[in-house]
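1. Return atomic coordinates for the entry below.
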Amino acid sequence: MLKKEALQHNFRVKLMDMEKYKEDDLAKEKMVIILISTYGEGEPPDGARAFHEWITSEAHSDDELSKVTYTVFGLGNKTYEHFNKMAQDFDSRLSDLGAFRVYPKGEGDDDGCLDDDFNNWKSGLWTAIGEHFSLKNITESVNTGYVRDTKLVLHDQDFEVTTNTSVKKYDHKTPFISKIVSTRELHTPNSDRSCLDVEFELAQSLSYSPGDHLGVYPENRPELVKRLINRLEIDANQKFSLVSVENPNSVVLGPCTVLHALTCLCDITSLPGKNMLKVLSEYATDPTEKEFLTKISSASSRSGDSNTWDSWIKHDLRNIVEVLEDLPSIKIPFDLFLELQPKLAPRYYSISSSRKLNPSTVHITAVHLHYDKPTGRVHEGVCTTFLKEKHDARENNLSCGLIAPIFVRQSNFHLPSNTKVPVIMIGPGTGIAPFCGFIQERKIRMQEAAPGTEFGEFILFFGCRNRCTDFIYQKELENAVQEKVLTQLFVAFSREASEKIYVQHKMKEEGQLVWDLIDRRGGYLYVCGDANKMAKDVSATLHAIATEYGKLTTQQSNAYWHSLQSCGRYLQDVWA
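-> This is a model prediction of the structure:
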């Protein structure tokens, strides 16, 4: 969108992937607009990691970017503690190196409506840039019609689609096509839910440490893809390429079949944003549907009207397939549909194994996301449904298609190298995943250690609903206690008594032990699981423990736990 608006204002503009940008060129730029997301614990996305390391390094002079004008917009989620940290890092660092901030930094919240945040932020952008560069007739009133970036090139059926088989390094752009070695249902038959341990084949060149993440590229459900193909009235076997309008030799998508694109490349289950709905309104032939799309794509999300993006899209969880089905007069060209759709992104899972114990495979733990929407339709997680279908295929002795593209994303969520340091792990539900890897790693360390090597306390707080339904990895945990790998195991069952008991309640019961191990013994604290509630409740409990057993004031407690995070002794791996 920004590129199109810049072109409409007669600017020469380049849209660059940060991963492909040459750092040394930054000082030569006149104007830079940075769009950056934040992942996990204030980390950059994979494609921006190298650039972020470069710009935050100390190998720069204070006026290195003195000729650069810039602004920044961040994409984050307020559920996470380090909301939009990357945008803050880039904004402050560019200023530190002498660049001029021509327009205030913006921050988008994915927990709300990113389109609203972005559109509100850029409402005065071009005027500010025009005034700074003394340009005349620069206003915000640009052509609102959608300008195409790509065009469709159709191929004959005998056109050969080739793939690159000479990959030397596997990452998010060139994942390893892995065999699914095994799947195991972790819930008992008494459970109405499903949670799987999935084991993938690992390439020799792929290494990981317990606590790292495994990226898995899923596929959209065949039934949903079939509905979309029927709605768009296209041939599933048609081969095509989507190429750039500016440079027809630049292939944006493909070459591939329609079926492959909609199954593996396009995200057709995410919620369509307001900007996409605005484009769809231009292709609605029914006046009522056109008016409705125009309204929900422009009205504020805070409007009291029921016909808003918040109510019709976000609350009802309508994906693009359902929007097209509910508004049948929309006749959108297939190539434009592809241009508007986001790419199907990998889903990240905490690795639940140690390579020292499993040298040729890697495990993850995934709970199947499946529930009814307000519309009566069913909402299913893309990747967990993909994995569940692989599990069901294995259960039915169907081996065909038991593969998935995977790669490893490193994290900072690792065990301390000093075995004497106490470790406290807090992970209810699938939050236990990295700690399964920690336990395996600890066991190997104990077996390989020289006689007399000291090992500190190794404590796990785990929680689930009921020991008879979802006490996942129960045997492994009990064995770890018997083998003295785990020194203590505290389990909270939230649905076994009239009053719900969670991990934070068990922590409070063991408050003296927690405080002694962390404060007096220099222990490490690890938290994994839900960011929205669990991580906040655990944090509140830690503050209560610091107040009761450490006699700290609220201000002192805040500073204490923040210092532990800064020095890497209080680590979180949480998700919304």
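
2. What distance do you get for residue 351 to residue 188?
-> 24 Å (CB to CB, to the nearest Å). Any C-beta I mention is one placed from the backbone N, CA and C, and that applies to glycine too.

3. higher neighbour count, these two?
-> Shown here are residue 351 and residue 188; by other CB atoms under 10 Å, residue 351 has more neighbours (28 against 14).

4. check contacts around that one.
-> With contacts defined as CB atoms under 8 Å, 6 or more residues apart in numbering, residue 351 is in contact with 208, 210-214, 362-364, 408, 433-434, 437.

5. Which of these are buried? Put it as a PyMOL command.
-> Command for PyMOL that selects the buried part of the contacts of residue 351, burial taken from 16 or more other CB atoms under 10 Å:
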select buried, resi 208+210+211+212+213+214+362+363+364+408+433+434+437
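
6. Next step: the contacts of residue 351 restricted to helices.
-> Among these, DSSP state H puts 433, 434, 437 in helices.

7. will you turn those residues into TSV that also has pLDDT and distance to residue 269?
-> Listed next are these as TSV, based on pLDDT from 0 to 100; distance: CB to CB, whole Å:
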residue	pLDDT	distance to residue 269
433	98	23
434	98	27
437	98	29
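
8. Go through those residues and say which is closest to residue 334.
-> Using CB to CB, residue 433 is the member of the ones in helices among the contacts of residue 351 that lies nearest residue 334, at 39.4 Å.

9. From residue 198, how far out is that closest one?
-> Applying CB to CB, the value for residue 433 to residue 198 is 11 Å.

10. where do the contact lists of the two overlap?
-> In contact with both residue 433 and residue 198: 364, 365, using CB under 8 Å, 6+ apart.

11. what sits up against stretch 453-462?
-> So stretch 453-462 is contacted by 419-428, 432, 435, 439, 442, 445-446, 449, 477, 485-492, 503, 506-507, 513, 517, 521, 523 (CB under 8 Å, 6+ apart).

12. and the helix or strand containing residue 252, what does it pack onto?
-> Taking DSSP states H and E as the definition, residue 252 sits inside strand 251-257. For strand 251-257, the helices and strands in contact under the criterion 3 or more CB pairs under 8 Å, 6 or more residues apart in numbering; DSSP states H and E are strand 150-155, strand 239-244.

13. What lies in contact with the next helix or strand after that strand?
-> Remark: after strand 251-257, the chain's next helix or strand is helix 258-260, criterion DSSP H and E. If you take CB under 8 Å, 6+ apart as the criterion, helix 258-260 is touched by 225, 229, 234, 235, 236, 237, 238, 240, 334.

14. helix or strand right after helix 258-260?
-> Assigned by DSSP H and E, the successor of helix 258-260 is helix 274-281.

15. Could you give me the buried positions within that next one?
-> Buried-residue list, helix 274-281, by 16+ other CB under 10 Å: 274, 275, 276, 277, 278, 279, 280, 281.

16. Out of these, the closest to residue 6 would be?
-> Nearest member of the buried residues of helix 274-281 to residue 6, counting by CB to CB, is residue 275, at 16.2 Å.

17. Look at that closest one and report its pLDDT.
-> For residue 275, the pLDDT comes out at 90.

18. from now on call the first residue 30
-> All right, first residue 30 from here; so that's residue 304.

19. Now it. Nearest residue, chain neighbours left out?
-> Nearest residue to residue 304 in three dimensions, chain neighbours excluded: residue 144, at 5.3 Å (CB to CB, 6 or more residues apart in numbering).

20. residues in contact with that neighbour?
-> Here residue 144 is in contact with 302, 303, 304, 338 (criterion: CB under 8 Å, 6+ apart).

21. picking up where we left off before, quickly name whichever of the contacts of residue 380 is closest to residue 322.
-> residue 242 (37.7 Å).

22. Now do the strands in the stretch 230-379 of the chain.
-> 242-245, 268-273, 280-286, 376-379 (DSSP state E, counting those that start in this stretch).

23. how about those in TSV, adding distance to residue 482 and mean pLDDT?
-> Putting those into TSV (distance: least, CB to CB, whole Å; pLDDT from 0 to 100) gives the following:
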stretch	distance to residue 482	mean pLDDT
strand 242-245	30	97
strand 268-273	58	94
strand 280-286	54	93
strand 376-379	27	96
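
24. Adding distance to residue 179, write the ones you listed out as JSON lines.
-> What follows is the strands of the stretch 230-379 of the chain, written out as JSON lines (distance: least, CB to CB, whole Å):
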{"stretch": "strand 242-245", "distance to residue 179": "26"}
{"stretch": "strand 268-273", "distance to residue 179": "5"}
{"stretch": "strand 280-286", "distance to residue 179": "5"}
{"stretch": "strand 376-379", "distance to residue 179": "26"}
